[in-house]
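**Student:** next comes the sequence, and after it the predicted model I'd like to discuss.
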Amino acid sequence: MRRRRYVAMVGSASLAGCLGRPGETDEDETEATEQETTDDVTEFQKQWEADLPDETVSGSDYQATSDAETAYLGTKSELTALALADGTEQWTLSLDTALAGITIDDDGLYTLQGTTVQRIDPATGESRWAAAAGNDSVQRTDTNQGMVATTDDHVAAGAAGVIVFEKASGELTATLTDHWGTPVRAWNGQFVVAEDSAVTAYDPDGTARWTVDDVPLEWATPVAGSTFVGVGSERFVGIDLDSGTQAWTTEASGEFLRPRTAGTDDTVFVSPVFSDADTFYALDADTGAVRWEVGDTASSPFPPVVLESAVATTEVFDDFDEGMQARDRKTGEQIASSDELSPLASATGAGRTVVTYDTRAVAYRL
């Protein structure tokens, strides 16, 4: 493992609030504390920086995920685990092919790379198993248009089809579809697939539980509560997973080809990427109502990153330079802004920390 250069910026002044002795009530100190707290809420505070592979990459080469302690950053040639607290490198895994998908749960880190689905120990970077995901490539060259989804016992992955494996052993249990560009999400032990103008819920052995017809969808957001939200031609569609029925349809500002998405238990966020749509949406997953929207947004690989009390997104300034903003998840009110962002950067995060990266990872606390 090679050494990397880090610039640590974590300190008592950069963290929320301040510590004082019990019983001390100096008025000036109180005013200063209130100001520091206000500044901490309304500004991104840079925490650390870390070098990543020095190479020319495109937005399609970025795949990232995070848990509460670690950010896992994929570039064209490496998957690197960095501690969210201070940027310390935990491990690095060389890649022969850029990642097409990555996700993490309580059991492990799962990646889709070329024709291979792999389970990785998130603590060490060691492979627990690697399995072929079909005879042909499950991803198009130079794209990251794949998905990886997990239930308690199984993992499904693919872009030119959806293949299901046992999480413990890596044994293949089913091929759900062999069509390219098939969105898959997991819910309640099943995998929900959008294919051929229909949405179908499958058991891990390939048994179809239900199908909703006449819903052509190009992409899918994370499952919010019990709702599968798909993105079609100039519309969003909500599927009630409990009943297997279409719950709602909401019109969009344009066609979302391959949006970047994120979600909570009741809200999904959809950001345009290289498409004619130019509006960032926050949708109520239960009803499809637009909680809030922001027009004239950047068509950028930067995905929405859900933090504890905000969602971090791309921001375009008057000179068309791109930066980062944070908006209240419920209201859309902008609560922070920063112009320190490469136009090709991707991002991930957890808690109050967001990590943006291209050839350099930079962590901010909100």
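**Tutor:** Cool, got the structure.
**Student:** what stretches of this protein score poorly on pLDDT?
**Tutor:** Along the chain, the parts satisfying pLDDT under 70 run over 1-42, 56-61, 133-145, 159, 181, 274, 297-301, 316-321, 342-344.
**Student:** residue ranges for the helices of it, please.
**Tutor:** Taking DSSP state H, the helices of the chain run over residues 27-42.
**Student:** for Asp276, give me its contacts.
**Tutor:** Shown in contact with Asp276 (C-beta atoms under 8 Å, 6 or more residues apart in numbering): 254-255. Every C-beta, even on glycine, is put in place using the N, C-alpha and C of the backbone.
**Student:** mind checking how far the residue nearest to Ala282 when sequence neighbours are not counted is from Ser275?
**Tutor:** Counting by C-beta to C-beta, 6 or more residues apart in numbering, Ala282 lies nearest to Arg291, which is 4.4 Å off, once chain neighbours are set aside. Going from Arg291 to Ser275 by C-beta to C-beta, to the nearest Å gives 21 Å.
**Student:** same thing with Gln246?
**Tutor:** Look at Gln246 and Ser275: by C-beta to C-beta, they are 23 Å apart.
**Student:** and if you look at Leu112?
**Tutor:** From Leu112 across to Ser275, the span is 23 Å (C-beta to C-beta).
**Student:** so Ala282 makes contact with Ser271?
**Tutor:** No - counting by C-beta atoms under 8 Å, Ala282 sits too far from Ser271 to count as a contact (10.2 Å).
**Student:** before we move on, the earlier item: more neighbours, Arg291 and Ser275?
**Tutor:** A count of neighbours by other C-beta atoms under 10 Å puts Arg291 above the other of Arg291 and Ser275, at 18 against 14.
**Student:** surely that one meets Glu333?
**Tutor:** No - judged on C-beta under 8 Å, Arg291 makes no contact with Glu333 at a distance of 11.5 Å.
**Student:** what about the strands in the stretch 201-350 of the chain?
**Tutor:** In the stretch 201-350 of the chain, the segments counted as strands under DSSP state E, counting those that start in this stretch are 208-213, 219-220, 227-232, 235-240, 245-251, 260-263, 267-271, 280-284, 290-294, 305-306, 310-316, 322-328, 334-338, 346-350.
**Student:** what's the closest of the ones you listed to Leu172?
**Tutor:** Comparing the strands of the stretch 201-350 of the chain against Leu172 with C-beta to C-beta, the closest turns out to be strand 208-213 (18.0 Å).
**Student:** just want the angle from that closest one to strand 235-240.
**Tutor:** 150 degrees (axes from the mean of the first three to the mean of the last three C-alpha atoms, to 10 degrees).
**Student:** strand 208-213: how far from the chain's middle?
**Tutor:** 27 Å (C-alpha atoms, centre = their mean, to the nearest Å).
**Student:** what strands line up against it, and which way round?
**Tutor:** strand 198-202 (antiparallel) (DSSP bridges).
**Student:** how about the strand it pairs with, which residues are buried there?
**Tutor:** Going by neighbour count (16 or more other C-beta atoms under 10 Å), the buried part of strand 198-202 is 199-202.
**Student:** just stretch 174-194 next, same as before
**Tutor:** For stretch 174-194, burial by neighbour count (16+ other C-beta under 10 Å) applies to 174, 176-178, 181-187, 190-194.
**Student:** then stretch 353-366?
**Tutor:** Across stretch 353-366, burial judged by 16+ other C-beta under 10 Å covers 353-358, 361-366.
**Student:** would a markdown table of the residues you listed with distance to Ser337 be doable?
**Tutor:** As requested, the buried residues of stretch 353-366 are exported to a markdown table (distance: C-beta to C-beta, whole Å):
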| residue | distance to Ser337 |
| --- | --- |
| Thr353 | 17 |
| Val354 | 13 |
| Val355 | 17 |
| Thr356 | 14 |
| Tyr357 | 19 |
| Asp358 | 20 |
| Ala361 | 20 |
| Val362 | 15 |
| Ala363 | 17 |
| Tyr364 | 11 |
| Arg365 | 15 |
| Leu366 | 11 |
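**Student:** in strands, which of those residues fall?
**Tutor:** Using DSSP state E, the subset of the buried residues of stretch 353-366 located in strands is 353-357, 361-365.
**Student:** quick one, what contacts Phe236?
**Tutor:** 229-230, 249-250, 252, 270, 281, 283, 288.
**Student:** from the ones in strands among the buried residues of stretch 353-366, which is closest to Lys167?
**Tutor:** Closest to Lys167, out of all of those and judged by C-beta to C-beta, is Val355, at 26.3 Å.
**Student:** so that closest one touches Thr70, yeah?
**Tutor:** No - using C-beta under 8 Å, Val355 is not in contact with Thr70, being 10.0 Å away.
**Student:** what's the overlap in contacts for the two?
**Tutor:** 82, 84.
**Student:** touching, Asp213 and Ser197? I think so.
**Tutor:** Yes - judged on C-beta under 8 Å, Asp213 makes contact with Ser197 at a distance of 7.0 Å.
**Student:** re earlier: between the buried residues of strand 198-202, which is nearest Ile163?
**Tutor:** Nearest to Ile163 out of those is Tyr202 (C-beta to C-beta; 11.7 Å).
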